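[1] Just to be clear, the model below is a prediction. Sequence and coordinates:
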Amino acid sequence: IPLAKDLLHPSFEEEKKKHKKKRLVQSPNSYFMDVKCPGCYKITTVFSHAQPVVLCEGCSTVLCQPTGGKARPTEGCSFRRNILGVFWSFYYFFCK
């Protein structure tokens, strides 16, 4: 009797909905993002689930507000996911 769905090749949407530990290949839900300040255009690396309020180092503008889970960028701030954020944070904390 064939199965109703393929367990070895789940769809991307199915895997995205699952808990981070119950996916076929475990992966975290968090990430680092580059947030650009609307005032001075300086780019700051921010953790996606940051708990404190994140301020711009140049002009002290609020970049991200914490919510219950993820940090929400404020209005006017542009952001993108940072692929190398993990490596930079490792370098910053352990190599300096």
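    Looks like it arrived, so ask away. Everything quoted here is computed from the prediction, not taken from an experiment.
[2] Only C-alpha atoms from now on, for both contacts and neighbour counts.
    Fine.
[3] the strands in this protein, which residues?
    Secondary structure of the chain (DSSP state E): strands at 32-36, 43-47, 54-55, 62-66, 71-73, 78-82.
[4] gap between the residue most central in space within the chain and residue 10?
    Centroid-nearest residue in the chain, with Cα atoms, centre = their mean: residue 31, separated by 2.7 Å. When distance is defined by Cα to Cα, to the nearest Å, residue 31 is 23 Å away from residue 10.
[5] Identify the residue nearest the residue nearest to the centre of the chain in space, chain neighbours excluded?
    The shortest distance from residue 31 to any non-neighbouring residue, by Cα to Cα, 6 or more residues apart in numbering, is to residue 48 (5.4 Å).
[6] Output the strands of the chain as a markdown table; include the columns mean neighbour count.
    Shown next, in a markdown table, are those (neighbours: other Cα atoms under 10 Å):
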| stretch | mean neighbour count |
| --- | --- |
| strand 32-36 | 20 |
| strand 43-47 | 19 |
| strand 54-55 | 18 |
| strand 62-66 | 19 |
| strand 71-73 | 18 |
| strand 78-82 | 15 |
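[7] mind checking which of those strands is nearest residue 14?
    Minimum separation from residue 14 across the strands of the chain (Cα to Cα) falls at strand 78-82, 21.8 Å.
[8] The closest one: partners in the sheet, and parallel or antiparallel?
    Strand 78-82 pairs in its sheet with strand 32-36 (antiparallel), by DSSP bridges.
[9] and the strand it pairs with, how far from the chain's centre?
    Relative to the centre of its chain, strand 32-36 is centred 8 Å away, using Cα atoms, centre = their mean, to the nearest Å.
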